[in-house]
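K.L.:
sequence first, then the predicted structure, then my questions.
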Amino acid sequence: MNTAVDLATLVKQPFELLREIERRASAAHAGTAGPGGAGEWVGVGFRIGDERFVASREQVREVLMLPETMTRVPGAKRWLLGIANLRGHLLPLVDVKLLLGSGRTSLRRTTRVISVNHREIPAGLVVDEVAGFRRFLGDEHSDREPQTVVRCERFLEGSYDRGAESWPVFNLFELIESNLFLQAAAD
């Protein structure tokens, strides 16, 4: 079967629906999901301000609620919100929106911390909201980096486009390895 089947069209055909789900699961497990053998890419969707982004699932250790208490770091830039003890590990919490020069993140019920899965640099990135896992087929990837209001172009690696939705790919490792991030001491 070379064409992608919309699962909604198979709702009244349960056997065919199960067959298509099984085909997709087998293809995903084999790393050849989608038409033409295009592999599946899985990322974690999140929002900074009004814009949506997606980061590779391998770059995200976990998603956490914003801790109730954190300790401010004297002499640090304003975007370094503080350090929190999360399950016995100290994690610096960074307001990504403020770091990128796009204003402060409003701390709300939906605010989350993305714990970056980096071996050498611990970091908790505070974002407006996390949308959960997003799955895309390889042929939905575009090297085009869309214009963003949040000033993050140098950390983008193309986008995944599905219909009218565009999800710019945000490289979290590039962000936390950048001089912008590593120079947290106030001037």
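P.N.:
Received the coordinates, thanks.
K.L.:
can you list the low-confidence ranges for the chain?
P.N.:
1-4, 26-38 (pLDDT under 70).
K.L.:
that one: strands as residue ranges?
P.N.:
40-48, 51-56, 60-65, 80-86, 89-95, 112-116, 124-127, 129-137, 141-142, 156-162, 165-170 (DSSP state E).
K.L.:
what is the second one packed up against?
P.N.:
Packed against strand 51-56 by the contact rule (3 or more Cβ pairs under 8 Å, 6 or more residues apart in numbering; DSSP states H and E) you find strand 40-48, strand 129-137, strand 165-170. C-beta coordinates here come from the backbone N, C-alpha and C atoms, glycine included.
K.L.:
change it to 7 Å
P.N.:
For strand 51-56, the packing partners by 3 or more Cβ pairs under 7 Å, 6 or more residues apart in numbering; DSSP states H and E come out as strand 40-48, strand 165-170.
K.L.:
just name the most buried of the strands of the chain.
P.N.:
Of all these, strand 124-127 carries the top mean neighbour count, a mean of 25, counting by mean count of other Cβ atoms under 10 Å.
K.L.:
got the CA positions of the longest helix seen in the chain in PDB?
P.N.:
The residue-count maximum for a helix in the chain (DSSP state H) belongs to helix 14-30. Taking C-alpha atoms only, helix 14-30 is exported to PDB below (Å, rounded to 0.1, in the frame of the first residue of the first chain):
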ATOM      1  CA  PRO A  14     -13.300  -2.000  11.900                       C
ATOM      2  CA  PHE A  15     -11.300  -4.900  10.300                       C
ATOM      3  CA  GLU A  16      -9.700  -2.600   7.700                       C
ATOM      4  CA  LEU A  17      -9.000   0.000  10.400                       C
ATOM      5  CA  LEU A  18      -7.200  -2.600  12.600                       C
ATOM      6  CA  ARG A  19      -5.300  -3.800   9.600                       C
ATOM      7  CA  GLU A  20      -4.100  -0.200   8.700                       C
ATOM      8  CA  ILE A  21      -3.200   0.400  12.400                       C
ATOM      9  CA  GLU A  22      -1.200  -2.800  12.400                       C
ATOM     10  CA  ARG A  23       0.500  -1.900   9.100                       C
ATOM     11  CA  ARG A  24       1.500   1.500  10.500                       C
ATOM     12  CA  ALA A  25       2.800   0.100  13.800                       C
ATOM     13  CA  SER A  26       4.900  -2.500  11.900                       C
ATOM     14  CA  ALA A  27       6.300   0.200   9.600                       C
ATOM     15  CA  ALA A  28       7.100   2.500  12.600                       C
ATOM     16  CA  HIS A  29       8.800  -0.400  14.400                       C
ATOM     17  CA  ALA A  30      10.900  -1.200  11.300                       C
END
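K.L.:
quickly list what Thr127 is bridged to.
P.N.:
In this structure residue 127 is Val, not Thr. Beta-bridge pairing for Val127 (DSSP bridges): Arg112.
K.L.:
so what's it up against?
P.N.:
Residues in contact with Val127 (Cβ atoms under 7 Å, 6 or more residues apart in numbering) are Phe46, Arg47, Ile48, Val96, Arg112, Ile114.
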